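Asker: test case, fold it:
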Amino acid sequence: MSNSARRSSCNTKQDWKMVELRGASVTGALENRSSNSVHYTILTVLDTIFSTCVAAPAVVGYWRGTWELSDVYIYPDNEVISCIVSIIIGFSGFFVFNVTQHFLDEFFHPDKHRLSYYLGSRCYTALFGFCCVNVWRGVWQALDLATGLLPSTVFATTGIGLLALALLRALRNIAAPPISLSVDSCPGYFVVPTMFRVDNTRNWSLYVLDCAFSVGVIGTLVVFAWRGSWVIFDLYLYPDNPEYSAVGSVVIGYAIVVIMFSLQPVMRYACARLKGLPRIIAVDIFLLISFIGAVNVWRGVWNCLGLWFLPDEPELSCWITLLGCFTLLVLLNCSNSILVRGVYIDAEEDDEKCAAFPCHYLRLFFKIEREKKEARRQNLVVASRDLATITERSAKEENGALLNASDSATVSENPESLV
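Answerer: All right, here's what the predicted structure looks like:
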């Protein structure tokens, strides 16, 4: 065989070897991507089950206990004074926590004092949760006293609340567990996004006004929407049979929630292709249907607790649900889910993220652990501050609806590729 023939044969073998290596590399990448996709799908299903079956009932239990104990201890013999006191307590606390969020975030920073951060943050959640419940209780009772429970006034106030929120592009603030979940991650624990995102370091007076608008206007409109929807089901879903009404709400609520979770891929696909007003309308319709499911879950679980959990000792029943559910949520690292704080804008995320329910629990945990492992492997993490940075970035990526969308510019990776 000539030298040229040998060289040609050798080159051919090398080419085939390169093709085989490339093929193996591509096959490995596809298998890895498929494995990641299956892993992510399993975690998504588990997160959905956790949010609907564990977190949501615990949050409802906490709210029910706090609300009804407020009925017992805050001027029980005078509805008007009781309502006014709840409004004062709730809105004052809301406003203070909004205005001081940056100070609290700096003072209780986990890198400075780990133990004081943990204790301080949980006390913060307990106090803020009490204020949240009292804001809603006060506004709810004020509407009951001022407008009554006639169907016409209930439909009117509900329509006003929903329409105003939609026009302000703040309809997503009606979301609550089980269609949203907030974990107790260290970075951003005390952050409360305001409506206009005013920077407190540049214009303090405008920042205070922004906080006042976020608390007084947006917060009140959200209560309008929830109170109206709840009362509508009181009026029309077995009004003469409390047991059937409670169970009916549980069935309706969970059926809608399961359907809406299942439709998320379709909505994400649609939102990735829609732009401008059509995308906002599509997201708002999706949120409204999901909201009906969430209201029924809350109403059903709440009424079931009242009917069948120590019905002869309602005060003890409320104390157990309050303390027990709060302790459970703290241990599960998602006690922030009891809070109603911050203002979020409809369809403010990029592409399909605006249609995703922020219910990332196991996915967030595994993602953070994987990123830590990868960072250690590359010798990038040598201090706890670096670990906190990873946690913060992962929390922002996975819980976009719970953080300022302006921070999402740093997000460039697909969560599925990291889990």
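Asker: give me the number of neighbouring residues for F309.
Answerer: 16 (other C-beta atoms under 10 Å). Quick note: C-beta positions are derived from backbone N, CA and C, even for glycine.
Asker: from L237, how far off is it?
Answerer: Here F309 is placed at a distance of 21 Å from L237 (C-beta to C-beta, to the nearest Å).
Asker: ok, which stretches of this structure are strands?
Answerer: With DSSP state E, there are no strands along the chain.
Asker: pLDDT below threshold where in it?
Answerer: 1-35, 111-113, 186, 351, 379-419 (pLDDT under 70).
Asker: repeat the analysis, applying 50 as the threshold.
Answerer: Residues of the chain that meet the criterion pLDDT under 50 lie in 5-10, 13, 16-17, 19-21, 23-31, 382-387, 390, 392, 396-419.
Asker: where along it do the helices fall?
Answerer: With DSSP state H as the criterion, the chain has helices at 3-50, 56-73, 79-99, 101-107, 114-147, 151-167, 204-213, 219-236, 242-262, 264-273, 276-308, 314-331, 362-377, 384-398.
Asker: and the gap between W308 and N296?
Answerer: Distance from W308 to N296, by C-beta to C-beta: 18 Å.
Asker: typed the wrong thing, it's G228
Answerer: 14 Å.
Asker: how about L150?
Answerer: L150 is 22 Å from N296, by C-beta to C-beta.
Asker: more crowded one of these two?
Answerer: N296 (24 against 10).
Asker: how about the contacts made by the more buried one?
Answerer: F233, S249, V250, I252, G253, Y254, I256 (C-beta atoms under 8 Å, 6 or more residues apart in numbering).
Asker: burial count for N241?
Answerer: Around N241 there are 11 residues (other C-beta under 10 Å).
Asker: what of the one 5 residues further on?
Answerer: Around A246 sit 22 other residues, with neighbours defined as other C-beta under 10 Å.
Asker: for the remainder of this discussion, apply numbering that starts at 39.
Answerer: OK, 39 is where the count begins now, so the last one is A284.
Asker: how far away is the nearest residue to it once chain neighbours are set aside from P216?
Answerer: Nearest residue to A284 in three dimensions, chain neighbours excluded: N341, at 3.7 Å (C-beta to C-beta, 6 or more residues apart in numbering). N341 is 17 Å from P216, where distance means C-beta to C-beta.
Asker: between these two, who's got more neighbours?
Answerer: Higher neighbour count among N341 and P216: P216, with 32 against 21, using other C-beta under 10 Å.
Asker: re earlier: give me every residue that touches the residue nearest to A284.
Answerer: Contacts of N341 by C-beta under 8 Å, 6+ apart are P280, S283, A284, S287.
Asker: who wins for neighbours among those residues?
Answerer: S287 (25 neighbours).
Asker: my guess is it contacts R337. True?
Answerer: Yes: counting by C-beta atoms under 8 Å, S287 touches R337, with 4.5 Å between them.
Asker: what do these two both touch?
Answerer: F271.
Asker: F329 contacts N211, doesn't it?
Answerer: No: applying C-beta under 8 Å as the test, F329 and N211 come out as separate, 10.2 Å apart.
Asker: need the contact partners of stretch 231-251.
Answerer: Applying C-beta under 8 Å, 6+ apart, the contact partners of stretch 231-251 are 133, 136-137, 140, 206, 208, 252, 255-256, 380-382, 441-442, 444.
Asker: so who does the residue nearest to L203 when sequence neighbours are not counted touch?
Answerer: Nearest non-adjacent residue to L203, counting by C-beta to C-beta, 6+ apart: L209, 4.5 Å away. Going by C-beta under 8 Å, 6+ apart, L209 touches L200, L203, D322, L325, L326, D384.
Asker: how close does L315 get to D322?
Answerer: 10 Å.
Asker: what about those two, which has more around it?
Answerer: Taking neighbours as other C-beta under 10 Å, L315 and D322 compare with D322 leading, 18 against 9.
Asker: what's that one in contact with, if anything?
Answerer: D322 neighbours (C-beta under 8 Å, 6+ apart): A204, L209, D384.
Asker: I'd like the residues you listed as a markdown table, with distance to I376 appended.
Answerer: Shown next, in a markdown table, are the contacts of D322 (distance: C-beta to C-beta, whole Å):
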| residue | distance to I376 |
| --- | --- |
| A204 | 26 |
| L209 | 21 |
| D384 | 23 |
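Asker: tell me the one of the residues you listed nearest W105?
Answerer: L209 (24.1 Å; C-beta to C-beta).
Asker: what number of residues lie near I112?
Answerer: 18.
Asker: ok so, going back, quick check, nearest of the contacts of D322 to E351?
Answerer: L209 (39.7 Å).
Asker: tell me the spacing between the closest one and T232.
Answerer: In terms of C-beta to C-beta, L209 sits 17 Å off from T232.
Asker: cool, and R401?
Answerer: 28 Å.
Asker: same deal with P277?
Answerer: 40 Å.
Asker: comparing those two, which residue is more hemmed in?
Answerer: In this view P277 and T232 are compared by other C-beta under 10 Å, and T232 has more residues nearby, 22 against 11.
Asker: got phi/psi on that one?
Answerer: The phi/psi pair for T232 (degrees, to the nearest 10) reads phi -100, psi 170.
Asker: I217 too?
Answerer: Dihedral angles of I217 (phi, psi; degrees, to the nearest 10) stand at phi -90, psi 10.
Asker: list the contacts for it?
Answerer: S89, V295, M298, F299, S328, F329, G331, A332, F395, C397.
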